[in-house]
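Colleague: below: sequence and its predicted model.
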Amino acid sequence: MQKTRSLNEFLKNKASVMGLIIILLLVMTAALADYISPYDTDKVVLKEKLKPPSWQHPMGTDQLGRDVLSRIIYGTRTTFELSMLVVLFTSAFGVFIGIIAGYYRGIVDEILMRLIDVLLAFPSIILALVIIGAIGPGVFNTVLAISLVGWLFYARVARASTLSIREKEYVEGARAMGCSDAYICFFYVLPNCLPPIIVLMTLNLGSVILSIASLGYLGLGAQPPIPEWGTMLNDGKEYLRDCPWLSVFPGLMIMISVLAFNFIGDGLRDAIDPRQLVIK
Amino acid sequence: MSLLSVEHLESQFVTEDGIVKAVDDVSFEIANNETLGLVGESGCGKTVLALSILRLLSENTKTRGIIRYRGRDLLQLSEDDLMAIRGREIAQIFQNPLSSLNPVLTVGFQISEPFMLHQGLKRKAARIKAVEMLERVRIPLPEERAREYPHEFSGGMRQRAMIAMGLACKPSLIIADEPTRGLDVTIQAQVVELMKELIKESCASMLIITHDLSLAAELCDKIAVMYSGEILEYAGIQDFFRKPAHPYSKCFLESLPARGMKPIRGISPSLIDPPPGCRFCPRCDHAREECKHVHPDLMKVKEGQYARCHIYA
């Protein structure tokens, strides 16, 4: 009942459905990149460099004569892989920390939350820059840097939900039944604090894509020749005046995917209304 | 020997306004196969008393005294030892069936939990047991119902599911806190009927906490009247209803709809700063001068009946 109602609510929201369709298309693009990409991403054809969009190269070619469309398609794969990885990492770790802080409260809670406050005091992209500056650029390091600051929000949301859930009578009931703390956290607290976390994950995917692209643009993310939207933007900026297609298409892709995730997130939030589910 | 004996139990919370003595020097015993009803008005400390027994109160509560269960003091046990007793030897059925089940797990799963936790059964075996339990508490189509979530159950069914969970491991003592709260009268009657049968079948002792005297009359062998954190009267059920000893018990009985629905004047005293003498004194029609200053002890009225009142000195 609850499930179908939420689903209907979600489907009624046109923007979210559109977002969902776009994301599904992008995911398919990423998955089928090997089959649909017209050219090799690394094939340098200097004779063909900086060609405007044409039937042969629908999005033109870059300064090395590589097909932009193919690079965009493979860039989708890079971006999605990285952002999913970051979101899975951060949500798992953040929720774990949040539940521990909320469940045990007291000194544990105090230490963890103050640590989070300290980390939140830095603008996240600056902190990521510092971390990358320390450990060097690269795909894996990008994931690490964004993850290190990304779990904070999950921890806060999970802690807030846990605080209200741990006072519920069914948790008291579980304790009266002889359940251990670990069991209660896993079977009682975790599933009950998931709805807001899921909404946060979808909304977060958008901003993580943006962070990855930003780091790429600054030359600290995926290193050439790995195709990545942010890196492509950076490559294109020198030719912005004469060859705008180098920057416009990756930029559009970033915008579309971030928007799509935000639409889905908004729709999910309205549909499952975490407040209603958490405080029942 | 009694199954559970509570001696001089005190539970206090520290608040900004002072120390709340929710349970103040309470002693009682429950023998094997006996059902004790703990009655009293809202806010007199009944629920805190129930939660103290299994040490389910939050950390800022101070509990003192002795709670002897089969010779072991529950207040001295380690958390691990206590975990083995909770649910297996002493089960608690909570008030408010509407919020005492986990909304995201199926009812079947929740009833199979005690089997997995305490009898080491695997999920499938526990599930079969859970369906049996649902059948025992008269839930139709238990097989299908076990797969449903709490929100798909009606209030009465949820309470029966709670009872099934409580009885799962055949505990020797069941603590039922307001087992009929939030249910309408017809469903209450069904639940009471069911509990009566199950008590008979399982030979368990029971502590029933309620403000509903008619429920106590149906189910209990003995009754303890609680007021402002202490026990004012302790009596067999027959004696209590025929001839209540304490003035408060008399007023309490007269406040029943069937007996005139006469309200008790005044309000119950603060648990932070109770009256120095008898706690019921400000509301009592029989109050004497000594009632205002001297705190009465629990005095013997006759065999098996005790009252905390200067009349019986």
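Modeller: Cool, the structure landed. Residues are numbered from 1 along each chain as shown, chains lettered A, B, ... in the order given.
Colleague: low-confidence ranges in the chain?
Modeller: By default, I'm working from chain A. Residue ranges of chain A with pLDDT under 70: A:1-4, A:273-280.
Colleague: if you could check chain B rather than the one you did, that'd help
Modeller: Chain B contains residues with pLDDT under 70 at B:1.
Colleague: the longest helix along it: which residues count as buried?
Modeller: Taking DSSP state H as the assignment, the helix of chain B that covers the most residues is helix B:185-202. Neighbour-count burial for helix B:185-202, counted by 16 or more other Cβ atoms under 10 Å in any protein chain shown, picks out B:Ile187, B:Gln188, B:Val191, B:Val192, B:Leu194, B:Met195, B:Leu198, B:Ile199, B:Ser202. C-beta here means a position set from N, CA and C on the backbone, and glycine is covered the same way.
Colleague: burial measure for A:Ala92, as a count.
Modeller: A:Ala92 sits with 12 neighbouring residues when counted by other Cβ atoms under 10 Å in any protein chain shown.
Colleague: which stretch of helix or strand covers it?
Modeller: Assigned by DSSP states H and E, A:Ala92 belongs to helix A:68-104.
Colleague: now check that helix, is it near chain B?
Modeller: No: Helix A:68-104 stays clear of chain B (Cβ under 8 Å from any Cβ of the partner chain), getting no nearer than 10.2 Å.
Colleague: and the buried residues of helix B:185-202, which two are furthest apart?
Modeller: Farthest pair in the buried residues of helix B:185-202 (Cβ to Cβ) is B:Ile187 and B:Ser202. Separation: 21.7 Å.
Colleague: tell me if A:Gln63 really is in a strand.
Modeller: No: counting by DSSP: H, G, I helix; E, B strand; the rest coil, A:Gln63 falls outside a strand, being coil.
Colleague: wait, it touches A:Asp242, no?
Modeller: No: using Cβ atoms under 8 Å as the test, A:Gln63 is too far from A:Asp242 to be in contact (10.5 Å).
Colleague: those two: which is more packed in?
Modeller: Remark: of A:Gln63 and A:Asp242, A:Gln63 carries more neighbours, 15 against 9, as counted by other Cβ under 10 Å.
Colleague: pull the contacting residues for that one.
Modeller: Neighbour list for A:Gln63: A:Lys49, A:Leu50, A:Asp235, A:Glu238, A:Tyr239, A:Cys243, A:Leu246 [criterion: Cβ atoms under 8 Å, 6 or more residues apart in numbering or on different chains].
Colleague: related to what we said a few turns ago, list residues touching both of A:Gln63 and A:Asp242?
Modeller: In contact with both A:Gln63 and A:Asp242: A:Leu50, using Cβ under 8 Å, 6+ apart.
Colleague: the residue nearest the centre of chain A: what secondary structure?
Modeller: By Cα atoms, centre = their mean, chain A has its centre lying nearest to A:Leu205, at 2.3 Å. Classification of A:Leu205 by three-state DSSP places it in helix.
Colleague: around chain A, pick out the residues from the stretch 51-200 of chain B.
Modeller: Proximity of the stretch 51-200 of chain B to chain A, by Cβ under 8 Å from any Cβ, involves residues B:51, B:54, B:56, B:59, B:83-88, B:91-92, B:94-96, B:99-105, B:113-114, B:117-118, B:151-152, B:162, B:165.
Colleague: which of those residues count as buried?
Modeller: The neighbour-count criterion (16+ other Cβ under 10 Å) marks B:51, B:54, B:56, B:83, B:85-88, B:91-92, B:94-96, B:99-102, B:104-105, B:113-114, B:117-118, B:162, B:165 among these as buried.
Colleague: hang on, the earlier thing: please, which helix or strand holds the residue lying closest to the residue nearest to the centre of chain A once chain neighbours are set aside?
Modeller: With sequence-adjacent residues excluded and distances taken as Cβ to Cβ, 6 or more residues apart in numbering or on different chains, A:Leu205 is closest to A:Phe261, at 4.5 Å. If you go by DSSP H and E, A:Phe261 is part of helix A:245-272.
Colleague: name the residues of that helix that are buried.
Modeller: By 16+ other Cβ under 10 Å, the buried positions in helix A:245-272 come out as A:245-251, A:253-254, A:257-258, A:260-269, A:271-272.
Colleague: swap in stretch B:202-219?
Modeller: Going by neighbour count (16+ other Cβ under 10 Å), the buried part of stretch B:202-219 is B:202, B:204-213, B:215-219.
Colleague: quick one: the helix holding A:Ala92 to chain centroid distance?
Modeller: Per Cα atoms, centre = their mean, to the nearest Å, the displacement of helix A:68-104 from the mean C-alpha position of its chain is 5 Å.
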